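Student: Pasting a predicted model and its sequence here:
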Number of protein chains: 2
Amino acid sequence: MTESNMATEMQRIVLARHIIGVPTPADFQLETLPIPALDDGQLLIANRFISCDPGTRSRLSPGASYAPPLKAGAMVDGFAVGEVLDSRHPRFAAGDLVMGTGWATHMVSGGRGYLSKIPDLGVPLSLWNGILGVPGMTAWFGLKRVANMQPGERVLVTSAAGPVGATAGQLAKLWGAAKVVGIAGGTEKCRWLVDECGFDDALDYKAADFDARFAEASADGWDVLFDNVGNASVDRALPVMRMKGRIVISGQVADYNLTPQDAPGIHHTREFIGKRLRMEGLVVFDDLPQFPAAQAELAALILAGSVKYREEIFDGLASLPAAFCGLFTGQSFGRRLIRL
Amino acid sequence: MTESNMATEMQRIVLARHIIGVPTPADFQLETLPIPALDDGQLLIANRFISCDPGTRSRLSPGASYAPPLKAGAMVDGFAVGEVLDSRHPRFAAGDLVMGTGWATHMVSGGRGYLSKIPDLGVPLSLWNGILGVPGMTAWFGLKRVANMQPGERVLVTSAAGPVGATAGQLAKLWGAAKVVGIAGGTEKCRWLVDECGFDDALDYKAADFDARFAEASADGWDVLFDNVGNASVDRALPVMRMKGRIVISGQVADYNLTPQDAPGIHHTREFIGKRLRMEGLVVFDDLPQFPAAQAELAALILAGSVKYREEIFDGLASLPAAFCGLFTGQSFGRRLIRL
C-alpha cells in the first residue's frame, strides 16, 4: 500500500426504504462518505467482489422477515471478498485476502463474525464469494449435514442452475447419489446442468411439458429434496418423496418478495406422517468451524475439473442494485458478482 | 374357554363407501359372518376394546391419503385389545391378552405385524389400547426420539386433551421441560390439563381471547411443538418457535377430512431457515421394538399417579361408527373406546 492508492473516500449502498414486493433499484441509494480512521483492533478492507444473494431480500422487508430486518438508511450487508489495506488487528495484515461483508467499496471491521482470511488454494479470488463461499458451503453442509445424503439415494435439486443448486447437484453425484435431477428455467440452463455438471436430467419449469416430465422423472421418488425456491416447489415434491425423505430448506427465491400470507402454502403435509419425512432449514454459519476443510476439498475438486461453476460479473458498485433486483426475474445464470 | 362361550358368528365393520369430507355413520356397515376355522399358525382373538383413532380417517378417502387407502367393502383395521380364544400358533395360547387390530368382535390372525402379547403390569386392559398403546407410544417416541426434547425446554402441545397430547404434555413435564402449555377446546378440558395433568397452562382455542392468550403464552417461544391438529395449527406456531425448534407432526385431526388442496397451508416456512427449524412426521410402529421398555416405564408412572389419562367408553360394536365420527366434532374428551 502506498499513499497514492490510499483512498480517502468510500462508497456504500444503503436501503433507501423497506421493500414490499419485487425490489427495484430505486429501493437502494449510493452514498459517499469518508473512510474512517482505524481504532486499535480494527482493519480496513477494500472489497473486490460483492455478491448478489437472493437471501439478502429477506432482510429488506418492513419486519415480516426471518432475520432481523435491516433499518432503512442502513448499509446492506451482503457478502464480499476483499483485500486488507491497513490493519491494527493482530490477526490481519495489509495484503491479506479476506471473506467479509458489505455492499461497499471499503469496510472497517473488528475482525469478528464471518470475517476470515482466505488461504492460497490456487483458485481465483471471486470463487471465495461463490462456490467456496456461502452458496457453495450451503450446498455442502445442506447435503452432508442437514440431508445426510447417502450413496444410492435419489436427489432432486431446485433452482438447480444457481450457485447453491448446481454445487449441491454435483456434490450429490460425487458422493454417490443414484440419480440427481435439477429443475431450472430455460433450455440453456438445463443443457448446462446435464452436459457440463453431470446431472442425470434437468427439467425446464418454463416448458409446456414440465408437469409430465416432472411426474416421469419422479416415478421412483426422491430421498432428498434440496429446495432453493419456496413453498410451491416443496409442495409439488411432497407427494413424490420416498420413505424417510429429507427436505432441505436452503432458500426461497420465489417467496422472498411475498408476505407469508400471500406466499403459496405447503399443503401436502400429511405425507410427513406416512413417509416419516423430515424438513429442515439451515443457515450455513452454524458450520463455520468446518468451512476450511470443506473449502480445501471443494477447491481440489474444482481444480481437477470435477465440479463446475458459472459466474456473471458486473462492474462497479453502482451496478449492484440492478444486478441484485435481476435475481428475481429468473434471468440470472451463475453466481452474480460485482467487481470493484 | 368352554363350548358354551364359543361363538360361531362374528361381526365386523366395513367401509361402505369412500369418504369425502366429514365421516358419518352411513359410511360404514355392520356385517355378520361365520368365524372361520383356524389354519396352522393362526389364532382366534375376541376383541375386548376397540379404539376410535382420528388417524384412521386418513385411509378412508378415495386415494388422496398418506397410507394406502382402504378398499370399499373392506374391514376397517383400527386398533384393538383382546383375548386369545384359540390358537394354532406356537407363540400364543388361549387366554393370552393381546394388542391387535380390527373393527370386529373376532379376529383371525397370523401372529405377525402389530400383534403382541400384553404383559401383566397390573393396569386395566383398556389402557393397552390407549395410553400404553398407539397414542401413548406416539407421545413417548414423538417427544423422545423425534423431538429429542431436552430438560429446560419449552413445549407446546395441541389437541392437548386427547390421549396423545395429554400424555405428551405430562411426559414433557416429567422429563424436565421448563414449560408445557396445551391447546384444547373448552374450559373443562383446559381445567383438566392444568389441575389434573400438571400442564403449566392450557389455552382454550374456542375462547374469544385465544389469540391474545396464545401470544402471551408464547412470549418466550417454543422449543418443541407437538402437533396433533394440522397445518393451521403448525402455521400459527412457526413465528413463535425458538432457534433450532422441532415440530413433531403427530396427527392432523383438523385436516383429515379435507383434500390437501382444500386444507389450509403452512405459510410461515421462512422461519425454517433463520431458526433452523426441523419438522418431522412419525408413525410409531418404527419404534415397535422399544415399546415394551417404554410401556413398563409408563405403566409404573400411571400406577404411581404421576401420569393421568381419561377414557370414554361406548358399548357394543354397533356404537363404533358414531363414536368414530364424533372424533371430528371436538366433543370427545379422552381415549374413545368401544367395549365388547
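Tutor: Done, it's in. These numbers were taken from a predicted model, which means no experiment stands behind them. Numbers count the residues shown, from 1 in each chain, chains lettered A, B, ... in the order given.
Student: what residues are up against the closest residue to chain B within chain A?
Tutor: Taking C-beta to the nearest C-beta as the measure, the point where chain A comes nearest chain B is A:G265, at 1.6 Å. Backbone N, C-alpha and C define where each C-beta goes, glycine included. A:G265 sits next to A:N231, A:D235, B:N231, B:D235, B:P264, B:G265, B:I266, B:H267 when contact means C-beta atoms under 8 Å, 6 or more residues apart in numbering or on different chains.
Student: Out of the residues you listed, list just those in helices.
Tutor: Taking DSSP state H, the ones among the contacts of A:G265 that sit in helices are A:N231, A:D235, B:N231, B:D235.
Student: returning to that earlier point: any chance of a markdown table for the contacts of A:G265, columns distance to A:A299 and pLDDT?
Tutor: Output for the contacts of A:G265, formatted as a markdown table (distance: C-beta to C-beta, whole Å; pLDDT from 0 to 100):
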| residue | distance to A:A299 | pLDDT |
| --- | --- | --- |
| A:N231 | 35 | 96 |
| A:D235 | 36 | 97 |
| B:N231 | 43 | 96 |
| B:D235 | 42 | 97 |
| B:P264 | 46 | 93 |
| B:G265 | 41 | 94 |
| B:I266 | 38 | 96 |
| B:H267 | 39 | 96 |
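Student: Would you format these as TSV with distance to B:D195 included?
Tutor: Shown next, in TSV, are the contacts of A:G265 (distance: C-beta to C-beta, whole Å):
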residue	distance to B:D195
A:N231	41
A:D235	41
B:N231	31
B:D235	30
B:P264	32
B:G265	36
B:I266	33
B:H267	35
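Student: so where do the strands sit in the stretch 51-200 of chain A?
Tutor: A:79-87, A:97-101, A:106-109, A:116-117, A:154-158, A:179-184 (DSSP state E, counting those that start in this stretch).
Student: Out of those, which is the most enclosed?
Tutor: Each of the strands of the stretch 51-200 of chain A was scored by mean neighbour count; the highest is strand A:154-158, a mean of 29, by mean count of other C-beta atoms under 10 Å in any protein chain shown.
Student: Which elements pack onto that strand?
Tutor: helix A:163-174, strand A:179-184, strand A:222-227 (3 or more C-beta pairs under 8 Å, 6 or more residues apart in numbering or on different chains; DSSP states H and E).
Student: Out of those, the one nearest A:R12 is which?
Tutor: helix A:163-174 (23.9 Å; C-beta to C-beta).
Student: which parts of that closest one are buried?
Tutor: Neighbour counts over helix A:163-174 (16 or more other C-beta atoms under 10 Å in any protein chain shown) mark A:P163, A:V164, A:G165, A:A166, A:T167, A:A168, A:G169, A:Q170, A:L171, A:A172, A:K173 as buried.
Student: show me the contacts for the closest residue to A:P54 other than its chain neighbours.
Tutor: Nearest residue to A:P54, sequence neighbours excluded (C-beta to C-beta, 6 or more residues apart in numbering or on different chains): A:V253, at 4.3 Å. Contacts for A:V253 (C-beta under 8 Å, 6+ apart) come out as A:P54, A:S159, A:G162, A:N228, A:V229, A:G230, A:L327, A:F328.
Student: Adding distance to A:G198 and pLDDT, write the buried residues of helix A:163-174 out as JSON lines.
Tutor: Output for these, formatted as JSON lines (distance: C-beta to C-beta, whole Å; pLDDT from 0 to 100):
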{"residue": "A:P163", "distance to A:G198": "16", "pLDDT": "97"}
{"residue": "A:V164", "distance to A:G198": "17", "pLDDT": "98"}
{"residue": "A:G165", "distance to A:G198": "14", "pLDDT": "98"}
{"residue": "A:A166", "distance to A:G198": "10", "pLDDT": "98"}
{"residue": "A:T167", "distance to A:G198": "12", "pLDDT": "98"}
{"residue": "A:A168", "distance to A:G198": "13", "pLDDT": "98"}
{"residue": "A:G169", "distance to A:G198": "8", "pLDDT": "98"}
{"residue": "A:Q170", "distance to A:G198": "6", "pLDDT": "98"}
{"residue": "A:L171", "distance to A:G198": "11", "pLDDT": "98"}
{"residue": "A:A172", "distance to A:G198": "10", "pLDDT": "98"}
{"residue": "A:K173", "distance to A:G198": "5", "pLDDT": "98"}
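Student: follow-up on the earlier one: quick one: the strands of the stretch 51-200 of chain A as JSON lines, columns for mean pLDDT too.
Tutor: As requested, these are arranged in JSON lines below (pLDDT from 0 to 100):
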{"stretch": "strand A:79-87", "mean pLDDT": "97"}
{"stretch": "strand A:97-101", "mean pLDDT": "97"}
{"stretch": "strand A:106-109", "mean pLDDT": "97"}
{"stretch": "strand A:116-117", "mean pLDDT": "95"}
{"stretch": "strand A:154-158", "mean pLDDT": "98"}
{"stretch": "strand A:179-184", "mean pLDDT": "98"}
